[in-house]
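>>> coordinates only, sequence not included:
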Ligand SMILES: Nc1ncnc2c1ncn2[C@@H]1O[C@H](COP(=O)(O)OP(=O)(O)OP(=O)(O)O)[C@@H](O)[C@H]1O
Ligand SMILES: [Mg+2]
């Protein structure tokens with residue numbers, strides 16, 4: 001049996017205040033297993049980013065709870081949550097979110113620097129992560145000198161450099177052309193070959209369905225489908 005590395009149980013999340021208040025999640029349960037790439041699909045405004053943010057400990061649920069490797073993390077103090085996030089979770093965003101004044105190597109090693117890892121170890125791990133995403137020739141390039149696909153590869157290197165148990169990605173291919181989008185999905189599917197690591201990808205793009213081991217569909221704050229797939233690509 002594949003281990004569950006992250007779970008959300010009956011998560012409710014309300015956003016906004018007063019008349020503008022929205023129930024973005026209305027009781028969602030999800031378990032992410034090591035060695036699996038799970039896609040979350042659904043229309044705009046259905047709650048995808050909200051669910052990703054709750055799983056990523058960036059938003060706390062209004063009700064329900066989140067567990068990481070069996071440990072309930074909902075209700076932890078902010079500094080403890082930040083530690084869980086740093087140690088267990090890697091993030092990838094649609095718009096890369098790289099630091100413009102740092103090189104590819106410096107961007108990739110940031111999570112290790114924040115953890116206070118020894119500088120030489122951090123350098124070695126950052127370089128290995130960049131090599132794994134095909135950027136061995138771009139260690140010293142700045143984001144402005146990289147293509148969108150290359151910037152997203154740096155973001156993937158940064159997300160996995162600290163060996164997180166979960167990688168969360170919000171529309172990671174949305175800003176890329178078809179070829180680069182498929183290449184990025186191939187890299188994410190590679191990461192999910194590690195039985196200790198779960199990859200969770202929010203997407204609108206049906207072309208990336210073949211990379212999934214599992215597809216969840218969300219509508220109006222509720223999961224409406226959960227299907228296991230046989231991964232056809234990568
Ligand atoms: N800060 C906020 N205050 C009030 N409502 C919010 C806030 N953030 C999001 N919402 C609402 O919560 C709902 C879910 O938003 P969410 O961003 O999770 O959707 P999404 O599925 O990621 O959409 P998209 O595909 O457009 O990115 C939407 O109705 C949105 O308008
Ligand atoms: Mg969104």
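The structure has been received and is ready for your questions. Remember, predicted model here, so these are calculated numbers, not experimental data. Ligands and ions are numbered 1, 2, ... in the order given.
>>> who are the neighbours in contact with residue 146?
Residue 146 makes contact with 104, 138, 154 under the criterion Cβ atoms under 8 Å, 6 or more residues apart in numbering. Heads up, the C-betas are built off the backbone N, CA and C, glycines and all.
>>> narrow those to those in helices?
Residues of the contacts of residue 146 located in helices (DSSP state H): 104, 154.
>>> packing partners of the helix or strand where residue 86 lies?
Assessed by DSSP states H and E, residue 86 sits inside helix 78-88. On a contact count with 3 or more Cβ pairs under 8 Å, 6 or more residues apart in numbering; DSSP states H and E, helix 78-88 meets helix 104-115.
>>> got the angle between the helix it packs on and helix 78-88?
Put simply, helix 104-115 runs at 130 degrees to helix 78-88, going by axes from the mean of the first three to the mean of the last three Cα atoms, to 10 degrees.
>>> what's the average pLDDT for helix 104-115?
The pLDDT scores in helix 104-115 average 96.
>>> wait, a helix at residue 218?
No. Residue 218: not assigned to a helix; according to DSSP: H, G, I helix; E, B strand; the rest coil it is strand.
>>> stretch 78-90: which residues count as buried?
Neighbour counts over stretch 78-90 (16 or more other Cβ atoms under 10 Å) mark 81, 84-86, 88-90 as buried.
>>> three-state assignment of the residue of the chain found nearest ligand 2?
Residue nearest to ligand 2 within the chain: residue 49 (3.1 Å; Cβ to the ion). Counting by three-state DSSP, the backbone at residue 49 sits in helix.
>>> could you verify my assumption that residue 43 touches residue 219?
Yes. Counting by Cβ atoms under 8 Å, residue 43 touches residue 219, with 6.7 Å between them.
>>> number of nearby residues for residue 210?
If you count neighbours by other Cβ atoms under 10 Å, residue 210 ends up with 15.
>>> that one looks like it's in a helix, true?
Yes. Residue 210: assigned to a helix according to three-state DSSP.
>>> now do the same for it: its pLDDT.
For residue 210, the model assigns a pLDDT of 93.
>>> same deal with the one 5 residues further on?
Looking at residue 215, its pLDDT stands at 96.
>>> likewise for the one 3 residues further on?
With respect to pLDDT, residue 218 scores 97.
>>> quick check: buried residues in stretch 7-14?
Applying 16+ other Cβ under 10 Å to stretch 7-14 flags 7-9, 11-14 as buried.
>>> residues touching it, excluding its own?
Stretch 7-14 has contacts (Cβ under 8 Å, 6+ apart) with 21-32, 47, 50-51, 54-55, 59, 61-67.
>>> so how far is that stretch off the chain centroid?
Using Cα atoms, centre = their mean, to the nearest Å, the mean C-alpha position of stretch 7-14 is found 18 Å from that of the whole chain.
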